[in-house]
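Visitor: Could you look at this predicted model? Sequence included:
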Amino acid sequence: MAERSKSGSVETPLMIFTYIMEYFKEREWRQDRKYEKGVKALAQFFALKIYYGDFELNGRLSPGGPIDAQWHALLLRPCLYAGLFDGQIIDHDPKTAGDRMTVNQRYRRTRRLALHHFNGVDTRIYWKKIANSELCSGMQLFVKGISGKTHTFCGDFNSATLVEDFYELVAERLKLTTVDEIRMIYSGHILERGRTLADNNIQKDVTLHLTYNLRGC
C-alpha cells in the first residue's frame with residue numbers, strides 16, 4: 001500500500017477501500033453473497049481508519065454494532081488481519097465501548113465520513129443513524145438555524161465536549177455539507193474551536209445561534 005498519512009495521504013479513501021476489497025477477494029474471506037454488504041462496510045471503516053491515521057486505542061473513529069461484528073469475525077483470522085495493514089495493526093479493545101456517549105460521538109463522525117467518501121457504494125444499511133431515544137439523556141442544547149427553526153440536541157455530548165465535535169454532530173443532524181463552514185454564537189460570542197463547551201460558558205438548556213463562515217472572512 002502507498003504511503004498513508006492523515007488527510008494528506010497520496011491515496012483517497014475510495015482507493016484504499018478498493019485495495020482492501022481486493023485483498024479480501026484474493027484470500028476468499030467472506031465472499032458469499034450474504035456477507036457482501038457487511039464486508040464492504042468493514043472495508044469502508046478500515047479505509048477511513050487508514051486514511052485518517054486512526055490506529056490508536058480509543059481513537060476518533062468507531063464502527064456501529066453490525067460493522068463491529070464483521071470486525072470480530074476477521075479477528076478470528078489473525079494472520080489475515082495482520083497482513084491487511086502491512087504490519088501496522090488497528091487496535092480493537094472492547095473496553096473502549098464502555099462510554100456510550102463517547103462511542104456515539106465517534107460513530108456519528110465515522111458515519112458522516114463514510115457517507116461522504118463512499119456515497120456510491122451501497123452499504124447504507126450498515127451506517128444507520130443512532131435513534132434520538134438512545135441518546136437523549138444528560139446535557140441538552142438548542143440550536144437556532146438561519147431559517148429561525150430551533151433544533152434540539154441531547155445525549156451524546158457534555159460540557160467537556162470539544163466545540164468542533166459538537167459542530168460535527170450538528171452538521172450530521174442538519175445534513176450540512178461541511179463542518180468547516182459552521183459557526184455558533186452564544187451571548188454575542190462565537191464558540192471557539194479547540195476549546196470545550198464549558199470553556200465557552202455553555203451550560204445545559206441554552207440556545208445557540210447557527211451561522212456560517214463568509215468566504216474571505
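Guide: On my side now, so go ahead. Fair warning: this is a prediction, and the values are worked out from it, not measured in the lab. Residues are numbered from 1 along each chain as shown.
Visitor: which helices and strands sit right next to the longest helix along the chain?
Guide: For the chain, the helix that runs over the most residues, judged by DSSP state H, is helix 100-117. Secondary-structure packing of helix 100-117 (3 or more CB pairs under 8 Å, 6 or more residues apart in numbering; DSSP states H and E): helix 13-26, helix 36-51, helix 132-135, helix 163-173. Heads up, the C-betas are built off the backbone N, CA and C, glycines and all.
Visitor: Let me know which of those helices is tucked in deepest.
Guide: A comparison of those by mean neighbour count, using mean count of other CB atoms under 10 Å, puts helix 36-51 on top with a mean of 23.
Visitor: how about the helix or strand that comes right after that helix: buried residues?
Guide: Counting by DSSP states H and E, the element after helix 36-51 in chain order, helix or strand, is helix 65-75. Going by neighbour count (16 or more other CB atoms under 10 Å), the buried part of helix 65-75 is Pro66, Ile67, Asp68, Gln70, Leu74.
Visitor: could you give the angle of helix 65-75 to helix 13-26?
Guide: Helix 65-75 runs at 50 degrees relative to helix 13-26, counting by axes from the mean of the first three to the mean of the last three CA atoms, to 10 degrees.
Visitor: For helix 65-75, which helices and strands make contact with it?
Guide: By 3+ CB pairs under 8 Å, 6+ apart, helix 65-75 packs against helix 36-51, helix 78-84.
Visitor: what angle sits between the longest one and helix 100-117?
Guide: Helix 36-51 runs at 100 degrees relative to helix 100-117, counting by the same axes, to 10 degrees.
Visitor: In PDB, could you pull the C-alpha coordinates for helix 36-51?
Guide: Taking C-alpha atoms only, helix 36-51 is exported to PDB below (Å, rounded to 0.1, in the frame of the first residue of the first chain):
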ATOM      1  CA  GLU A  36     -21.300  -8.800   0.600                       C
ATOM      2  CA  LYS A  37     -22.500  -5.500   2.100                       C
ATOM      3  CA  GLY A  38     -21.100  -6.300   5.600                       C
ATOM      4  CA  VAL A  39     -17.600  -6.900   4.100                       C
ATOM      5  CA  LYS A  40     -17.900  -3.700   2.100                       C
ATOM      6  CA  ALA A  41     -18.900  -1.700   5.200                       C
ATOM      7  CA  LEU A  42     -16.000  -3.100   7.100                       C
ATOM      8  CA  ALA A  43     -13.600  -2.200   4.300                       C
ATOM      9  CA  GLN A  44     -15.000   1.300   4.300                       C
ATOM     10  CA  PHE A  45     -14.400   1.600   8.000                       C
ATOM     11  CA  PHE A  46     -10.800   0.300   7.700                       C
ATOM     12  CA  ALA A  47     -10.200   2.700   4.800                       C
ATOM     13  CA  LEU A  48     -11.200   5.600   6.900                       C
ATOM     14  CA  LYS A  49      -9.100   4.500   9.800                       C
ATOM     15  CA  ILE A  50      -6.100   4.200   7.500                       C
ATOM     16  CA  TYR A  51      -6.700   7.400   5.600                       C
END
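Visitor: Averaged pLDDT, that helix. What do you get?
Guide: Confidence for helix 36-51, expressed as mean pLDDT, is 94.
Visitor: Perfect, that will be all.
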